[in-house]
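Student: let me see the structure of the following:
(chains A and B)
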Amino acid sequence: MAEAEDPHEAEGHAGDHAAGAHHHGPPTSFIRKYVFSIDHKVIGIQYLLLALFSVLIGLVMSVLMRMNMTWPGHAWPILGKIFPLGAPGGVMSPEFYLSLVTMHGTMMVFFVLTTAPQGGFGNYFLPIQIGADDMAFPVLNMLSFWVTFVGLAVLVSAIFASGGTVIGPTGGWTAYPPLSAIGDVLNVPGQGMGMNLWIISIATFCVASLLGALNFITTLLNLRTRGMSLMRMPLTCWAWFTTAVLALLSFPVLLAAGVLLFLDKNLGTSFFVPGGLSNGTTVIDHAGGSPIMWQHLFWFFGHPEVYIAILPGMGATSHILSTFARKPIFGYRAMVFAMFAIGLLGFFVWGHHMFISGMSPMTASAFSVLTLSIGVPSAIKTFNWLGTLWGARIRFTVPMLFAIGFVSLFVAGGITGLVLGQSSLDLSMHDTYFVPGHFHLVMGVAAIFGMFAGTYFWFPKMFGRMMNETLGKIHFWPTFIGVYAIFIPMHAMGIVGMPRRYAQFYEIVNGQEVMIYKFLSSTPPLIHFVTWAVIITAIVQVLFVVNFFWSMFKGKRASDNPWEATTLEWTTATPPPHDNFGGKTPTVYRGAYEFGVPGAPDDYVMQTTPDETGANVSVAAGLDEQGNGHGYGNGNEGHG
Amino acid sequence: MDTAMATRVTGNRETATKTESVLDIATSRRRGGRGPRGGGGNGKGPNGGGPGGPGGENQRGFSPDRYRIAILVGIASILMMFTALASAYVVRSGMPTSVDWHGGTMPSFVYLSTALIIASSLTFTRAKAALAHVEESAYRLWLSVTLLLGLGFLSSQLLAWRQLVSQGLYLASNPHSSFFYVLTGLHGLHLLGGILALAFLYVYARRAVGPQGDLKKRALTDAVGIYWHFMDGLWVFLFLLLFLWR
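Tutor: Sure thing, here's the model as predicted:
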């Protein structure tokens, strides 16, 4: 055992043995390469495609919702053919509308906003940006994706299994009991098998997210390459890390709540169902449960979930703003701490979703104060983004446009959060269109802009070709104006008092729009305006999809570093080889955003560029000389 | 040792002699990705390379830290789940509408369960100690005793359920029984995972060869141990919760 006492030898032997045991070359069969791949890059793209599928379905659903609301009673023959029961003769029923609301929310929140920024971009770029050759647990990574896939498949099956008149549960993405627990007993459409499948889908998704989060955290803590200290990481990595921590701590709570809801619904327990409920003919056999308890558990997950959706967008935005402003990110440390502060505070504010649940005013004040305090780190981030842009010679590329769009939307949507965060104001705003206006801007569209920015930015690295700039700019402007045209009027509607989740606000009588609710008589022009904005903005997204797939095959070939960026993903080949760096593990000598360094030959310095000081250069050179072969030893020598 | 070194140098197609072990290890990390991997073990901290210079972790070879990190992270998430359930339990028991709350008596088998799982934690520490002293057979023996105690725990929990059923207490009978079944059931599922991990460890212990296999065996034992003790502690917490907070 003399060998083992010499650390050098022990290390060497261990490494050599690892060579035999763990090395995996690039897979060759189609199945292992593209389907059940353990390569984080393939898995990242799989996540992105899954999210793309979900977002298209969710988008079509939102267009259908707007059509139903704006032209009530109008017959759309094609809908009648697709949904003969839910839309008989092409006229959408109110239950059908509610199931659209539910499925739109569930698809978008879980399978788009949670999946693409973290599972997609995070999976692809986190290991590369920290200089690792894969995630810490590649097989687990594959499992995370396929469990997510099962979750999506179960959710899609709910579309078909909910009963003919609806295409899913009708209780919204928050699935409040008692409706979600005993809706089928009371003959509410969609609340039977559809609701069961919804719970199973979400529970499955929770498990997948937990596995993913575990992998992200371990990878980031354990697999950073030499020199990649925490404070040299790109802000994207910090964002994915914070997001993973949030997912890790919030999804288990939703999972627990889902288990209890499933038992309430199917096995007669009374966790969430109060006693004495009846639909006039049947009295429910439950007693003593608390629907409010579901709300607490759900929103304990639900609020961190908002940050799970937006934090990766913040990371990508910081990364991209700095790159195209050609300036270091303003206040790197402050950005990191602000991100963590947002994540931490996010766990203490769930009550602001429940101000009207009968909460005591004292509790509500506490939640209000904590909620408003999130404005501080958010303002720090915004200030630093603007500080990064200040006085810069900005390169207005498409990713930069979307990143600036992100900042704009984040501010516009965040400001109204200050309104809703105050319990006194929320009491009148709650469940009006003010709320969808707010959260779509900040959590939905801002996060989507982060994804667009990320896609345009990293597409060349992922597929080796540039996306079309002109088409991208034509995509940006109508989208940017369109989303404001959609969601700003919603705030006005909310202030007037227009409630959420109503299928219709007026009927057509003799060709005239007759308001059902007199106090909303001023809203029809806005409803029409928003609907047209939705339709135009949705159509513009076709440009993105076309650009995406066209560029994948026909786009201009990309160089290794087309944006002249500094981080590790731009040091490797395009697209990166199977082990990311072709066997040459990078060494990091500096922070992630060294743009415009005085005395440097270019206006950017890669993270792998050694310091000018002699000592460090010689060490690096020494490593290179020595390095030319140690790894080539064969596996047998360990027994020498 | 010298032989090994010589072999490696020959295999290196490189005449440079390695003079400093730190450099050497770092080198193997840098180069190890293509072909057989070099390097290994647990790298230094991210700033370990001196001020401003390169330091950091190695991802090419096997690093035992990752199991420990992963299991701690996983435990954090399991803890959140049971915290959510436990707070739901406490809230539900204290609600003014909760007139249907009947604590009842604890099935006597849970006392046996508690004894069994505490014993299994102790036997696991013996297994780990045996591994530290390189006593392979003792290691496997204590591992299998732990595994059997784990199975005994699960059986005892099932018998406790039988006892409840014979008292006419089912899942939906009253809130306390609902929580009892949910908490014990979910804990049992997680413990089953631990039992599978123990079984895997037992099989792996027989098959692991060489220093690398040994290193990995130790890392796995360490991780499974953390998980197993956590499951033990979690059960004691649940037991006290269900027993004291009726």
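Student: helices of the stretch 351-500 of chain A, start to end?
Tutor: For the stretch 351-500 of chain A, applying DSSP state H, counting those that start in this stretch gives helices covering A:361-373, A:375-389, A:398-420, A:423-429, A:434-439, A:446-463, A:469-496.
Student: can you list the buried residues in whichever helix or strand A:W532 is part of?
Tutor: A:W532 is part of helix A:524-554, with elements assigned from DSSP states H and E. Judged by neighbour count (16 or more other CB atoms under 10 Å in any protein chain shown), helix A:524-554 contains these buried residues: A:526-527, A:530-531, A:533-534, A:537-538, A:540-541, A:543-544, A:547-548, A:551. C-betas here are computed from N, CA, C, even on glycine.
Student: what's the angle from that helix to helix A:469-496?
Tutor: Relative orientation of helix A:524-554 and helix A:469-496, computed by axes from the mean of the first three to the mean of the last three CA atoms, to 10 degrees: 150 degrees.
Student: helix A:524-554 packs against which elements?
Tutor: Helix A:524-554 sits against helix A:40-70, helix A:446-463, helix A:469-496, with contacts defined as 3 or more CB pairs under 8 Å, 6 or more residues apart in numbering or on different chains; DSSP states H and E.
Student: what mean pLDDT does that helix have?
Tutor: Mean pLDDT, helix A:524-554: 96.
Student: do the same with stretch A:40-54
Tutor: For stretch A:40-54, mean pLDDT is 97.
Student: not counting it itself, show me its contacts.
Tutor: Contacting residues not belonging to stretch A:40-54 are listed as A:33-34, A:37, A:107-108, A:111-112, A:115-116, A:119-125, A:127, A:134-135, A:138, A:141-142, A:144-145, A:148-149, A:152, A:455, A:462, A:545, A:548, A:575-576, A:580 [CB atoms under 8 Å, 6 or more residues apart in numbering or on different chains].
Student: try 7 Å
Tutor: Contacts with stretch A:40-54, where a contact means CB atoms under 7 Å, 6 or more residues apart in numbering or on different chains, come from A:34, A:37, A:107, A:111-112, A:115-116, A:119-121, A:123-124, A:127, A:134-135, A:138, A:141-142, A:145, A:148-149, A:152, A:462, A:576.
Student: host element of the closest residue to A:I329 other than its chain neighbours?
Tutor: With CB to CB, 6 or more residues apart in numbering or on different chains as the criterion, A:I329 has its nearest non-adjacent residue at 4.2 Å, and that residue is A:S322. Using DSSP H and E, A:S322 sits in helix A:291-325.
Student: nearest to chain B: which residue in the stretch 301-450 of chain A?
Tutor: Nearest residue of the stretch 301-450 of chain A to chain B (CB to the nearest CB) works out as A:F301 at 8.8 Å.
Student: got JSON lines for the helices of the stretch 351-500 of chain A, with mean pLDDT, distance to chain B and mean neighbour count too?
Tutor: Compiled in JSON lines, the helices of the stretch 351-500 of chain A are given as follows (pLDDT from 0 to 100; distance: least, CB to the nearest CB, whole Å; neighbours: other CB atoms under 10 Å in any protein chain shown):
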{"stretch": "helix A:361-373", "mean pLDDT": "96", "distance to chain B": "14", "mean neighbour count": "16"}
{"stretch": "helix A:375-389", "mean pLDDT": "97", "distance to chain B": "23", "mean neighbour count": "18"}
{"stretch": "helix A:398-420", "mean pLDDT": "96", "distance to chain B": "25", "mean neighbour count": "22"}
{"stretch": "helix A:423-429", "mean pLDDT": "93", "distance to chain B": "21", "mean neighbour count": "17"}
{"stretch": "helix A:434-439", "mean pLDDT": "97", "distance to chain B": "24", "mean neighbour count": "22"}
{"stretch": "helix A:446-463", "mean pLDDT": "97", "distance to chain B": "19", "mean neighbour count": "26"}
{"stretch": "helix A:469-496", "mean pLDDT": "97", "distance to chain B": "32", "mean neighbour count": "19"}
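Student: for B:F230, which of these is the nearest?
Tutor: Comparison of the helices of the stretch 351-500 of chain A against B:F230 by CB to CB identifies helix A:361-373 as nearest, at 30.5 Å.
Student: pull the longest helix from chain B.
Tutor: Determined from DSSP state H, the single longest helix within chain B is helix B:210-244.
Student: does chain A sit close to that helix?
Tutor: Yes. Using CB under 7 Å from any CB of the partner chain, we find that helix B:210-244 touches chain A at B:G210, B:P211, B:Q212, B:L215.
Student: up against chain B, what does the stretch 101-250 of chain A have?
Tutor: Counting by CB under 7 Å from any CB, the stretch 101-250 of chain A sits next to chain B at A:132-133, A:136-137, A:210, A:214, A:217-218, A:221-230, A:248-249.
Student: show me the residues you listed that map onto helices.
Tutor: Among those, the members falling in helices (DSSP H) are A:L210, A:L214, A:I217, A:T218, A:L221, A:N222, A:L248, A:L249.
Student: element containing the residue lying closest to the second one once chain neighbours are set aside, please.
Tutor: Read that as A:L214. Nearest residue to A:L214 in three dimensions, chain neighbours excluded: B:V73, at 5.1 Å (CB to CB, 6+ apart). Assigning secondary structure by DSSP H and E places B:V73 in helix B:65-94.
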